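**Q** Got a predicted structure here, sequence first:
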Number of protein chains: 2
Amino acid sequence: MTRLFNDPDDFAAEMTAGFAAASARWVRAVPGGVVRSTAAAEPTVSLVVGGGSGHYPAFAGLVGPGLAHGAAMGNIFASPSTQQVHSVAATADQGRGVLLSYGNYAGDVLNFDAAQERLRTAGVDCRTLVVTDDVSSAGPQERDRRRGIAGDLTVFKVAGAACEAGHDLDDVERVARLANDRTRSLGVAFGGCTLPGAGEPLFDVPAGRMGVGLGIHGEPGIDEADVPTAAGLAGLLVDGLLAEVPDGAGARVVPILNGLGSVKYEELFVVYGAVHRLLTEAGCEVVDPEVGEFCTSFDMAGASLTLLWLDDTPGELEQLWSAPCDTPAFRRGRDAGQHAVTVPGGPGAAGTAPLPVPEAGPGSRECGTRIAAVLADVAAALDEHADEFGRLDRVAGDGDHGIGMQRGGRAARDAAADAAGRGAGAGTVLRRAGEAWGDRAGGASGAIWAGMLAALGTALGDDTAPDTARVAAGVSAAERAVERSGGAAVGDKTMVDAIVPFHRALAARSEAGDDLATAWAAAAREATTAAEATRELRARLGRARAHGDRSIGTPDPGAVSFALVVRTAGERLREAAEC
Amino acid sequence: MTRLFNDPDDFAAEMTAGFAAASARWVRAVPGGVVRSTAAAEPTVSLVVGGGSGHYPAFAGLVGPGLAHGAAMGNIFASPSTQQVHSVAATADQGRGVLLSYGNYAGDVLNFDAAQERLRTAGVDCRTLVVTDDVSSAGPQERDRRRGIAGDLTVFKVAGAACEAGHDLDDVERVARLANDRTRSLGVAFGGCTLPGAGEPLFDVPAGRMGVGLGIHGEPGIDEADVPTAAGLAGLLVDGLLAEVPDGAGARVVPILNGLGSVKYEELFVVYGAVHRLLTEAGCEVVDPEVGEFCTSFDMAGASLTLLWLDDTPGELEQLWSAPCDTPAFRRGRDAGQHAVTVPGGPGAAGTAPLPVPEAGPGSRECGTRIAAVLADVAAALDEHADEFGRLDRVAGDGDHGIGMQRGGRAARDAAADAAGRGAGAGTVLRRAGEAWGDRAGGASGAIWAGMLAALGTALGDDTAPDTARVAAGVSAAERAVERSGGAAVGDKTMVDAIVPFHRALAARSEAGDDLATAWAAAAREATTAAEATRELRARLGRARAHGDRSIGTPDPGAVSFALVVRTAGERLREAAEC
């Protein structure tokens, strides 16, 4: 929803003023919108674009050298008035004529056409190119009835580059028409935006469903479907667009994956990976793709795919699409990279061969196999508790502790099984497990677990089966590794609160002569007790924060997950000791 | 919420692959993240940045000529592992040393420090600059404990530009430290993101409230407050940052207004207008501002303001900040604009004097005053029904009909009062009202109402008080104007469905000798009946669409609002006739 405004009635005007203040390098405000704040060395044809507000960077974000000369900025989701279009176009005109270009909506057609009449009456040569890229809004036989959505960008970019190159109005109109003929888009929406001051969203899509072909102001779509996977959405969009390849198109194509507002970059990149693959599999050559926000609808949740179909060999359209431009929201240029050369492949691009496993004594190898089994149990336990750890972490942290422990545990399990399967000793199994844990889990807890397993592994070595004292010494080394890396002490409510009593109990039981399973079980009970105390603190923290009290600080769920790991390991040790 | 993913466990890896496929002009994937796909002519110091995923364009979107050489990309909101950082940095190293730079979070510090140790052991000169810009995360005496948020951008940009300029590692480290010392940020959040596959948001903020100083992973803030106006938020952020001007700073400052994900550009521009004004009022000179998304948290609803404090005269820091760069998400350059010159002011920048009012006869002037009173009633009625028209329009359109009619009605009221107050006749009052309606409302309905009022005004003229026949002729002209501009016919379920019976009834009653108030009231009843039929159609449309039936088409609420306008006008005419 839109939250930040003053008087909603002033929103569009204040937005325009703020945009102009932030973008003075490129634009200046004039009645009705903005025009460039820069001038080319020689007069050119002027490209004037526009439409309702709420679609940034369309339209004002595309004004600057190499792209548009002006943008008429209407009220929110409303066409600019005839006066607005006329004012912007008359100011932008350099004496070589004006091309008006905008998406195909009734209000825009009405007002831009009326402005064109006024300009012509005043002796300005003026043409119009209406963008009609949305395949869902009418059939292929009625292309001129289609709406304009994110395909605005390709048409504007091509026309703007032709203006910059000095083409005359006939020719600018011709390439803009060619770009529109070669551009197709299809979009989906998961939910609508709420306009400034409005009490409800512009439209709703039921939870878990999406509107297929829904317009950028909530216009009706052609279908409704369950929200698919990212790959499923890529398939739907690519299939929909490949069903209508424009006449004269080659196999080279520019994909533009556009977010409507609150479908974000990371999701778009996941979808784009599949789009790229599907286009390539269909025999297309992908050229110069774009992934980002190019035509939005405030914070509407949705995405669209646009394809600009080029010729089979690099030609006019491709040259105009990739020509330099510099606008507030869309820039292409080689200024900074002019001495840069593309480096294909290079170090790190190659795959890595599996690390060889060092020689190990038979006792240590048997122990390594047992450790791999323990780590499999631990991974299962972490899977089971991942949601709980995530919830604990959300009280005070970023909520990723559950997923981090889960990823680390799985990676450690797999690495340990691999190493043990290839005859590694206890030390190597633990070290490899630690490396995998750290690499896959990332984060602070990944680094800490990697350090603990490495320290324990180094202490156990690969020579003989370790006794209880050697395990206790290894745990002591692991504890020092944690304290060194985290800088925390007992009472700081971190994992240290659990590992310190665990290590002390294990050392004491080991000195008292207990076998490993017994000593370990006792130590695990100490860790669990300590972890429960931090868990209780977390619950109090949640309640205190709900009441605005932030004095308790931010306990870490690491103590709780540590206790789970050592308890799980203890159960497997006891079973092994019993059989 | 995050909706588009495949297996949530694969999200970060698939995101990286999709990003690399979309961005091959700038980057290539290596184990652990990405490095540039281009090479400079001469080896330089390498800048390696990184952090968890979910903050795009931080961090991978900032790799390219003039900025970073590589980005280590961790899992979602989790630090990259030591191995990841090491892999990216070792690949990016060009033999002149590596600067590691990232936001201050425990997991990142742990893993980047460990990677630095490994690089140093291998003989690579490696330094670290931790970004600490978030003033809400610790006091000014504990700056090194502060978190890094959107201020990453200024530090990375300055350091990257120094690398590109050939500075040695000592000097790159020095300017990066200077940039961090001069950078301060403060943010607010209205709601948290939901991670791929998670069942609930990372954190909640109560509706209508915001967390002040909340971190980019939901870390605790310093305060909670009601969501302010856009200007109120600008005040809070500017005041918070001006309270701690860095030592050595001049009055020149770069503001960066950053959206966290679903607070969108239009809102940011409204806020920025106030930020710009407040900074200027406080005696600052604003240099090279940026408004957009630079460090996000998926689709978290929030915004932050960063200030980079420059020296009093343009110096090193400013030169490095504004130097060209070319990365997937952040570009600066003059390639396209190299022949462009800034044009201050120019045509259209000046204000406009009020249009003079033409001479008018006394009867027409009296009628003009009455028309202004009618338009005041119409504006009040449109205010009252704006929400209802918005709801009607949302069934099939973009929901802006209510707000458009409201804006147009108010503008017509004010313009008519102004013209009538300056002695205008009936025709001029109507024409001025029409121009204002069209200009302020925009959209299709704005253009149509502008055309109707202009046609009516031209028919009535400014000479004498019009009789019923002249009004009927004017309405006939207005009807033709609607049909001409919209291209619709009776039965198309548009405003034409109401204006045609209105015009016919008015003409018939006028010929039958009725006075204007009687004839108009009868005609308004016809329009209302016709409008009710389209309203019923709309209700059926809503129900049909809910059942997936799209066969009814898309009626326009213009008939309903037209009927309201003529009914309201008729009531005022009857009152005038009665007294």
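**A** Alright, I've got the coordinates.
**Q** which residues of the stretch 401-550 of chain A fall in strands?
**A** If DSSP state E, counting those that start in this stretch is used as the criterion, the stretch 401-550 of chain A turns out to lack strands entirely.
**Q** residue ranges with poor pLDDT in it?
**A** Within the stretch 401-550 of chain A, the set of residues satisfying pLDDT under 70 comprises A:486-488, A:491-493, A:538, A:540-550.
**Q** how about the residues of it that lie near chain B?
**A** Near chain B, the residues belonging to the stretch 401-550 of chain A are A:403-404, A:407, A:435, A:438-448, A:450, A:485-486, A:545, A:548, A:550 when assessed by CB under 8 Å from any CB of the partner chain. To be clear about C-beta, it is placed using only N, CA and C from the backbone, and glycine gets the same treatment.
**Q** now do 7 Å
**A** Proximity of the stretch 401-550 of chain A to chain B, by CB under 7 Å from any CB of the partner chain, involves residues A:404, A:407, A:438-439, A:441-444, A:446-447, A:485, A:550.
**Q** For these, pick the one with the most neighbours.
**A** Neighbour counts for these (other CB atoms under 10 Å in any protein chain shown) peak at A:Gly442, which has 36 neighbours.
**Q** which outside residues touch stretch A:141-155?
**A** Under the criterion CB atoms under 7 Å, 6 or more residues apart in numbering or on different chains, residues A:58, A:101-105, A:129-135, A:137-138, A:176, A:179-180, A:183, A:185, A:187, A:215-216, A:219, A:256, A:258, A:294-295, A:304, A:306, A:308, A:321 lie in contact with stretch A:141-155.
**Q** What about the residues of the stretch 401-550 of chain A next to chain B, which are in helices?
**A** A:404, A:407, A:438-439, A:441, A:443-444, A:446-447, A:485 (DSSP state H).
**Q** still on that earlier bit, which of the contacts of stretch A:141-155 fall within strands?
**A** When the contacts of stretch A:141-155 are checked against strands using DSSP state E, the ones located there are A:101-103, A:129-131, A:183, A:185, A:187, A:256, A:258, A:304, A:306, A:308.
**Q** Mind putting those residues into TSV with distance to A:Phe562 and pLDDT?
**A** Conversion of these to TSV gives the following (distance: CB to CB, whole Å; pLDDT from 0 to 100):
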residue	distance to A:Phe562	pLDDT
A:Ser101	62	98
A:Tyr102	61	97
A:Gly103	57	96
A:Leu129	65	98
A:Val130	64	97
A:Val131	59	98
A:Thr183	56	98
A:Ser185	52	98
A:Gly187	47	96
A:Ile256	48	98
A:Asn258	45	97
A:Ser304	47	97
A:Thr306	50	98
A:Leu308	54	98
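**Q** between those residues, which is nearest B:Leu110?
**A** The shortest approach to B:Leu110 among these belongs to A:Asn258, at 37.9 Å (CB to CB).
**Q** how about the closest one, what does it touch?
**A** When the contact criterion is CB under 7 Å, 6+ apart, the partners of A:Asn258 are A:150, A:293-295, A:303-304, A:306.
**Q** what two of these are the furthest from one another?
**A** Greatest spacing in the contacts of A:Asn258, by CB to CB: A:Glu293 and A:Thr306 (12.7 Å).
**Q** one step back: and the residues of the stretch 401-550 of chain A next to chain B, which two are furthest apart?
**A** Within these, two members stand farthest from each other by CB to CB: A:Asp439 and A:Arg550, at 35.0 Å.
**Q** what residue ranges in chain A score low on pLDDT?
**A** Residues of chain A meeting the criterion pLDDT under 70: A:334-354, A:395-399, A:486-488, A:491-493, A:538, A:540-555, A:578-579.
**Q** Could you break it into its assigned domains?
**A** Chain A breaks down into these structural domains: A:1-131, A:176-194+A:206-324, A:362-578 (assignment by automatic domain parsing).
**Q** mind listing the helices in the stretch 101-250 of chain A by residue range?
**A** Under the criterion DSSP state H, counting those that start in this stretch, the stretch 101-250 of chain A carries helices at the ranges A:106-121, A:152-164, A:169-181, A:230-242.
**Q** Which elements pack onto the last one?
**A** Under the contact definition 3 or more CB pairs under 7 Å, 6 or more residues apart in numbering or on different chains; DSSP states H and E, helix A:230-242 sits against strand A:183-191, helix A:265-281, strand A:301-309.
**Q** Those: which one's closest to A:Val429?
**A** Distance to A:Val429, taken as CB to CB, is lowest for helix A:265-281 among the helices and strands packed on helix A:230-242, at 34.2 Å.
**Q** Tell me the buried residues in that closest one?
**A** Under the neighbour-count criterion of 16 or more other CB atoms under 10 Å in any protein chain shown, helix A:265-281 has A:265-279 buried.
**Q** What of stretch A:450-468?
**A** A:450-462, A:464-466, A:468.
**Q** now what about that stretch, what contacts it?
**A** Taking CB under 7 Å, 6+ apart as the criterion, the residues outside stretch A:450-468 that touch it are A:358, A:360-361, A:363-364, A:366-367, A:425-428, A:430-431, A:433-435, A:437-438, A:470, A:473-475, A:477-478, A:481-482, A:485, A:510, A:514-516, A:519.
**Q** Need the buried ones from those residues selected in PyMOL.
**A** Burial among the contacts of stretch A:450-468 is assessed by 16+ other CB under 10 Å; the matching PyMOL selection reads:
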select buried, chain A and resi 360+364+367+425+426+427+428+430+431+433+434+435+437+438+470+473+474+475+477+478+481+482+485+510+514+516+519
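**Q** re the thing from before, out of the ones in helices among the residues of the stretch 401-550 of chain A next to chain B, which comes closest to B:Arg3?
**A** The closest of these, once distances to B:Arg3 are taken by CB to CB, is A:Arg407, at 21.6 Å.
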